[in-house]
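>>> Predicted model and sequence follow; I will ask about them next.
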Amino acid sequence: MAGGKETPRQKMIGMMYLVLTALLALNISKEVLNGFVKVENSLQNTQHTLKGKVSETLTTLEVKYAQNKEKVGPFMDKAREVRGQSDELVNYITQMKGRCMAISEGKYDDGIANDFADFIGKDASGMDTTISLAAIEKKDEYQELTAFMVGSEPQNPKFDPNDPWSAAALKKNLEAYRDYLKEIRFTDSQGNSRELPEYIKVQLDERFTFEDEIEDGKEVLWEAANFFDVPLAAVMPLMSKMIIDVQDAQEDVLSWLLGGIEAKSYKFTNLMPLVVPESNYILRGDSIRADVLLAAYDATNAPDIYVDGKKWDGRDSSMLAYEGLETLSIGSDGMGKLRIPTKGMQLGDMTFKGLIRYQGPDGNIEPYAFMTPNITVAEPALVVSPTKMNVFYRGVPNPVEVSVPGVPQDKIDVRIDGGHAIKRQSDGTYVVEPNKSSSVREANITVSAELPDGSKKTLPAKKFRVKRIPDPVAFWTGKKPTDKGITKAEILSFAPVAARMEGFDFDVQVRVKSFTMRISKDGSFSDLPSGNNRITPDQQEALKRVRRGNILYLEDILVSMPDGTERDLPPMKLKVTG
């Protein structure tokens, strides 16, 4: 198995593959085939890990591109090109795997374009993949596979420039991808020529080398060594490893592109003020907090930072007159600490004018004006969102989301009255367990929030109704009270009597405690009780004797509810129809 950089896990998988391949020469046992299934599964897990790593690198590149399209553009263009080439090759190898599976299962026909479609698709993450090797019946098949991939002459593998589905074509596509990556070069926004570094080129040569191999003392072509008389179980992990090689190579090149963005640029090309508020949504009574600093800040030469505490009216665009204003305190992190109390301040959106005075490279003091980001000052507001409905039901846990805008979850205290219980879950949501008493029909949730300045504020209570769980509906052999007829075959299933909650969003389990079966036959009635939900032997004997036209009644259906009550359900009347 060719490879460049390999993790310990990949090395272990590679050793397993070599051992299993050696065992194939002795005996293709079930244990050996299952071993290859495990190797294939491990390799596919590695593919998912590498795909996530590639996606993370691409996302970082996209973020940098959004921030500076001119500078990052050449790197982003090349990254997208590499992604396209890599995705195309991964898809090709996946298609090849699917065709090999179809060939081995005897379900491949050159005349049908998509006859292998049942063997390929996308997994839950959208990644191109094949069905599990474990699902293939003929894992040890090699004759049809050999004919498809190599042909009948191992020293002269088949190859048709118009047919990409062969071992020789696979090799050429991998080599073409290697050569494409090695030839990557472009010019950045500063006119610098960028070329793939030599160490990555060496890794590509190591990873995508397809030299002849020695078998039984004889030199054998790569195509024959890996695909001639080799069973499907061994071919699948080999091609999965090829996909991993492509992903590894793609990640190496993308990481080089990402790292090269700043490699030949000056560290500081501009001076920009940066205002980072702790929150743009402020509760009245709290303070506006933000970090303000000069980008490329020199820790040995702290600037003076001023902010006008009055809301900017949007009209006066002149530089802030800083005389008489106090400078912001500068923290050890070099950031100015902005604090503007909101007590007595009007509600709404607002911006504040500021000024940074710093020492320039020539020693002169330079002013730099700025505006804070838009900040919203609002009244405290409690948000309570029941995740099921606007009432609480007795006997079941009622999930509820409770939050206060601008306040972290661990800074709010949630309480409920009326003898009800509310418990916080590990995910930050709450569960309400209502009082079982039917006389308590309301619940009020109150919240106290600890504001960032340490003060506490109690928010207005939210009221909920408390109701009992609705009555369930009786069921028997798939029939419910609205049904009128039943067949003899359905009757003789002797299914237990059940009750279900219809149209109720909660997961409620209801148990039938007892019922009475009443059979109308030849003008007479037979009442047969059951002390649980099952058909009794007496009822079974009576049911065996019913015939078309007889009427069955299920009455006195008593169910036990999770709220501790017992309820009588409406009777069922069913006429035997045949």
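Thanks, I have it.
>>> which stretches of this structure have low pLDDT?
In the predicted model, the chain carries pLDDT under 70 at residues 1-32, 110-117, 123-128, 262-272, 274, 278-286, 293-301, 360-364, 381-389, 406.
>>> residue ranges of the helices in it, please?
All helices of the chain, identified by DSSP state H, fall at 8-24, 30-67, 69-104, 143-149, 167-182, 198-207, 222-227, 232-259, 488-491, 537-544.
>>> The nearest residue to Pro529 once chain neighbours are set aside - how many residues pack around it?
Using CB to CB, 6 or more residues apart in numbering and skipping the chain neighbours, the partner closest in space to Pro529 is Thr516 (4.8 Å). Using the backbone N, CA and C atoms, a C-beta is placed for each residue, glycine as well. Other residues lying near Thr516 total 16 when counted by other CB atoms under 10 Å.
>>> looking at the helices of the chain, which is closest to Val275?
Proximity to Val275 (CB to CB) singles out helix 30-67 among the helices of the chain, at 16.8 Å.
>>> residues of the closest one that come out buried?
The neighbour-count criterion (16 or more other CB atoms under 10 Å) identifies 32-33, 35-37, 39-44, 46-47, 50-51, 53-54, 57-58, 61, 64-65 as the buried residues of helix 30-67.
>>> So what's the residue count around the residue nearest to Tyr393 when sequence neighbours are not counted?
Leaving aside its sequence neighbours, Tyr393 sits nearest to Ile469 (CB to CB, 6+ apart; 5.2 Å). Applying other CB under 10 Å, we find 19 residues neighbouring Ile469.
>>> can you check Ile305 too?
Around Ile305 there are 27 other residues, counting by other CB under 10 Å.
>>> does it really touch Tyr368, like I thought?
No: look at Ile305 against Tyr368 with CB atoms under 8 Å: they stay out of range, at 9.7 Å.
>>> list the residues that contact both of these two?
Shared contacts of Ile305 and Tyr368 (CB atoms under 8 Å, 6 or more residues apart in numbering): 355-357.
>>> of those, closest to Phe119?
Ile356 (63.4 Å).
>>> follow-up on the earlier one: turn the shared contacts of Ile305 and Tyr368 into TSV, including neighbour count and distance to Ala135.
TSV is the format used below for the shared contacts of Ile305 and Tyr368 (neighbours: other CB atoms under 10 Å; distance: CB to CB, whole Å):
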residue	neighbour count	distance to Ala135
Leu355	21	69
Ile356	25	65
Arg357	15	71
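>>> and Val276, what does it touch?
Contacts of Val276 by CB under 8 Å, 6+ apart are 290-292, 335.
>>> Sort out which of the residues you listed are in strands and list them.
Among the contacts of Val276, the subset assigned to strands under DSSP state E consists of 290-292.
>>> for these, which one is nearest Leu133?
For those, the nearest to Leu133 is Asp291 (54.3 Å; CB to CB).
>>> Relative to Thr94, which of the ones in strands among the contacts of Val276 is nearest.
When those are compared for distance to Thr94 (CB to CB), Asp291 wins out at 48.2 Å.
>>> Just to check, that closest one is in contact with Val275?
Yes: between Asp291 and Val275 there is a contact at 7.5 Å, judged by CB under 8 Å.
>>> Next, show the common contact partners of the two.
Common neighbours of Asp291 and Val275, counting by CB under 8 Å, 6+ apart, are Leu338.
>>> how close does Ala321 sit to Ala224?
When CB to CB, to the nearest Å is applied, the distance between Ala321 and Ala224 equals 85 Å.
>>> Same check on Phe515?
Here Phe515 is placed at a distance of 74 Å from Ala224 (CB to CB).
>>> higher neighbour count, the two?
Under the neighbour definition other CB under 10 Å, Phe515 and Ala224 were set side by side, and Phe515 has more, 29 against 23.
>>> Run through the bridge partners of the closest residue in space to Lys97 that isn't next to it in sequence.
Excluding its sequence neighbours, the residue lying closest to Lys97 (CB to CB, 6+ apart) is Thr130, at 4.8 Å. Beta-bridge pairing of Thr130 under DSSP bridges involves Ile120.
>>> follow-up on the earlier one: may I see the ones in strands among the contacts of Val276 organised as TSV, with distance to Lys343 and neighbour count added?
Compiled in TSV, the ones in strands among the contacts of Val276 are given as follows (distance: CB to CB, whole Å; neighbours: other CB atoms under 10 Å):
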residue	distance to Lys343	neighbour count
Ala290	18	24
Asp291	22	17
Val292	22	23
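>>> Return the closest of those residues with respect to Glu450.
Ala290 (20.2 Å).
>>> what bridges to the closest one?
Pro277, Leu338.
>>> Next: Thr516.
Pro529, Glu555.
>>> Next: Met371.
Counting by DSSP bridges, Met371 is bridged to Lys353.
>>> How much space separates it from Ala290?
Taking CB to CB, one finds Met371 at 12 Å from Ala290.
>>> Ok, Leu338 next?
For Leu338, the distance to Ala290 equals 4 Å [CB to CB].
>>> Trp222 too?
Where Ala290 is concerned, Trp222 sits at a distance of 63 Å (CB to CB).
>>> and what of Tyr358?
For Tyr358, the distance to Ala290 - CB to CB - is 18 Å.
>>> cool, and Ser403?
Applying CB to CB, the value for Ser403 to Ala290 is 23 Å.
>>> now swap in Pro367 and tell me
In this view, Pro367 and Ala290 are 20 Å apart by CB to CB.
>>> if we can go back for a sec, correct me if wrong: the residue nearest to Lys97 contacts Met101.
Yes: using CB under 8 Å, Thr130 is in contact with Met101, at 6.3 Å.
>>> anything in contact with each of these two?
Shared contacts of Thr130 and Met101, counting by CB under 8 Å, 6+ apart, come down to 119, 236.
>>> List the contacts of stretch 157-169.
Around stretch 157-169, the neighbours that count as contacts under CB under 8 Å, 6+ apart are 92, 96, 99, 148-151, 173, 221-224, 226-227.
>>> Just give me how far it sits from the chain centre.
39 Å (CA atoms, centre = their mean, to the nearest Å).
>>> Check stretch 135-155 too.
With CA atoms, centre = their mean, you get 38 Å for stretch 135-155.
>>> Check stretch 408-422 too.
31 Å.
>>> same question, stretch 148-164
42 Å.
>>> Check stretch 461-471 too.
34 Å.
>>> What count of nearby residues applies to Gly314?
Using other CB under 10 Å: Gly314 sits among 9 other residues.
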